[in-house]
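**Q** just a sequence and a predicted model for now, questions to come.
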Amino acid sequence: MGASEVELGEVFRLGEAARDRDIVRVVGDRLADLWLAVSRFQDVQAITSRSLQVQTSPKTLLLAGEAHDVTGNPSAALVYYRQALRMSRKAGDRSVEGITLTSIGIVHGRRGDGQAALNYYEQALRIFREVGDRAGEAATLTDIGRVHGRRGDGQVALGYYEQALPIQRAVGDRAGEAATLTNIGLVHYRRGDGQAALGYYEQALPIRREVGDRAGEGDTLNAIGAACDVWGDSAAALDCYEQALRISREVGDRDGEALTLNNIGAVHGSRGDGQAALAHLERALLIMRDVGNRAGEATTLTNIGAVHGSRRHDVAALDYYEQALPIRRETGDRAGEASTLINIGEVYHSRGDEQAALDYYEQALRILREVGNRAGEATTLTNIGEVHHSRSDGQAALDYYEQALSIRREVGDRGGEATVLTNIGEVHHSRGDEQAALDYYERALSIRREVGDRIRGFLGADVLGLLRRGR
């Protein structure tokens, strides 16, 4: 029988008092691993901080970085990760090197730099295969899939997830299995198939609970809440989000708390209760600033701007977007930068300044093509088409809609496909071609019924910030 947590704590304390580097390293890392698995992040920070006062090893630095990353301090995490990477390479510790490369990739992915993330993941994948670490291989395949999912290429993402899932089941990695199931659900969610998404989330949730992954449980509850919200069941969405909020506060996951507050704000926004939405988003903003999460701060500022935009408070909306934009650029969040440019463009479009709207949309389009975000590219092409339609240039509108439609079909986004078909129908309707308009409307309606899509109101943070930590 292994030593209990209390016994390990006492051994660590004695080793610490004696300045015994080996005891502190081995026992401290073991405790940190145990606590990280059950989302005791503050305890991990405390034990690694004490351990690093006595000794410095790649594994301890890696664990310290993971705890700081999860609690919303990616800059500090990167400092630890880079030290761990240098030391692991010098020591020839290929396993820790692979995990550290993956962790660095996660930070870059969350900041919107998918290519940098992929570069780190590919290095890690080669190492895991070389050393025969099947669990690490599967986790990295999931990470690679997530980058493609964020770029809007759901089919490629599913290919990686479907490689990862049987490995995780074969090696008994239940926590990894739950993460991959959640990610598969997210692909279906982004495609507008809420029912399929829920099926995967509901497989993941009991596994999260079984292995004691409290932060992961919160992530999956957030995912279920987002799916419920799209289905029009805001009460169920709020119930899931409130459960997730309690968990994030219980485990000290400040980043998760702020992201969940964003999601709760989104529900209130979709219900037309802008004041409640703003109250939750402003609490989220305080937390993001408190923990120094600049990327999260920019997302929340953008969401606050969106609430003001929905209330036709254009000056306030632009003020928040213009606060968010330099942060997006400072943190290297290219996809986020494009998102905020689109938001600014929408304000100008609603004010009738079509040229300014086009200028912002075209800036966003260049970025989205540069980073390979196909879903964002399709959305922006649709927005540009809408500007041309409002200018009564139906042919230009159709040209952009057809480009968007091709991408929606390529990436399997059925809900997005229905939206574009509806827009094409509106162009034909404005031209007086009622039969063509009806044909497009009926095709759109058929798809919406097929995937169970309901009207999406205001949505806040990108689907729960679900994959912010690589779970």
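**A** Looks like it came in fine. Residues are numbered from 1 along each chain as shown.

**Q** run the chain-centre distance for the helix or strand hosting Glu297.
**A** According to DSSP states H and E, Glu297 maps onto helix 294-310. Mean-position distance between helix 294-310 and its chain equals 15 Å (Cα atoms, centre = their mean, to the nearest Å).

**Q** same thing with stretch 389-403?
**A** Using Cα atoms, centre = their mean, the offset of stretch 389-403 from its chain centre is 32 Å.

**Q** and what of stretch 45-56?
**A** The answer for stretch 45-56 is 30 Å, by Cα atoms, centre = their mean.

**Q** which residues touch it?
**A** For stretch 45-56, contacts defined as Cβ atoms under 8 Å, 6 or more residues apart in numbering pick out 12, 15-16, 19-22, 24-25, 28-29, 31-32, 35, 60-61, 63-64, 67-68, 71, 83, 87. (C-beta placed from N, C-alpha, C; glycine too.)

**Q** using CSV, list the CA coordinates for that stretch.
**A** Extracted C-alpha coordinates of stretch 45-56, given in CSV (Å, rounded to 0.1, in the frame of the first residue of the first chain):
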residue,chain,number,x,y,z
GLN,A,45,1.6,26.2,-6.6
ALA,A,46,2.4,26.1,-2.9
ILE,A,47,4.3,22.8,-3.0
THR,A,48,6.3,23.6,-6.1
SER,A,49,7.2,27.0,-4.7
ARG,A,50,8.5,25.4,-1.6
SER,A,51,10.3,22.6,-3.6
LEU,A,52,12.0,25.1,-5.8
GLN,A,53,13.5,26.8,-2.7
VAL,A,54,15.5,23.6,-2.1
GLN,A,55,16.1,22.1,-5.6
THR,A,56,15.5,22.9,-9.3
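
**Q** in it, what's buried?
**A** By 16 or more other Cβ atoms under 10 Å, the buried positions in stretch 45-56 come out as 45, 47-48, 51-52, 54-55.

**Q** do stretch 230-250 as well
**A** The neighbour-count check on stretch 230-250 (16+ other Cβ under 10 Å) flags 230-234, 237-238, 240-241, 243-245, 247-248 as buried.

**Q** in JSON lines: those, plus pLDDT, secondary structure and distance to Arg151.
**A** Converted to JSON lines, the buried residues of stretch 230-250 look like this (pLDDT from 0 to 100; DSSP: H, G, I helix; E, B strand; the rest coil; distance: Cβ to Cβ, whole Å):
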{"residue": "Val230", "pLDDT": "73", "secondary structure": "helix", "distance to Arg151": "21"}
{"residue": "Trp231", "pLDDT": "74", "secondary structure": "coil", "distance to Arg151": "25"}
{"residue": "Gly232", "pLDDT": "76", "secondary structure": "coil", "distance to Arg151": "28"}
{"residue": "Asp233", "pLDDT": "86", "secondary structure": "coil", "distance to Arg151": "29"}
{"residue": "Ser234", "pLDDT": "90", "secondary structure": "helix", "distance to Arg151": "29"}
{"residue": "Ala237", "pLDDT": "93", "secondary structure": "helix", "distance to Arg151": "26"}
{"residue": "Leu238", "pLDDT": "96", "secondary structure": "helix", "distance to Arg151": "30"}
{"residue": "Cys240", "pLDDT": "96", "secondary structure": "helix", "distance to Arg151": "27"}
{"residue": "Tyr241", "pLDDT": "97", "secondary structure": "helix", "distance to Arg151": "26"}
{"residue": "Gln243", "pLDDT": "96", "secondary structure": "helix", "distance to Arg151": "30"}
{"residue": "Ala244", "pLDDT": "97", "secondary structure": "helix", "distance to Arg151": "26"}
{"residue": "Leu245", "pLDDT": "97", "secondary structure": "helix", "distance to Arg151": "29"}
{"residue": "Ile247", "pLDDT": "95", "secondary structure": "helix", "distance to Arg151": "29"}
{"residue": "Ser248", "pLDDT": "91", "secondary structure": "helix", "distance to Arg151": "27"}
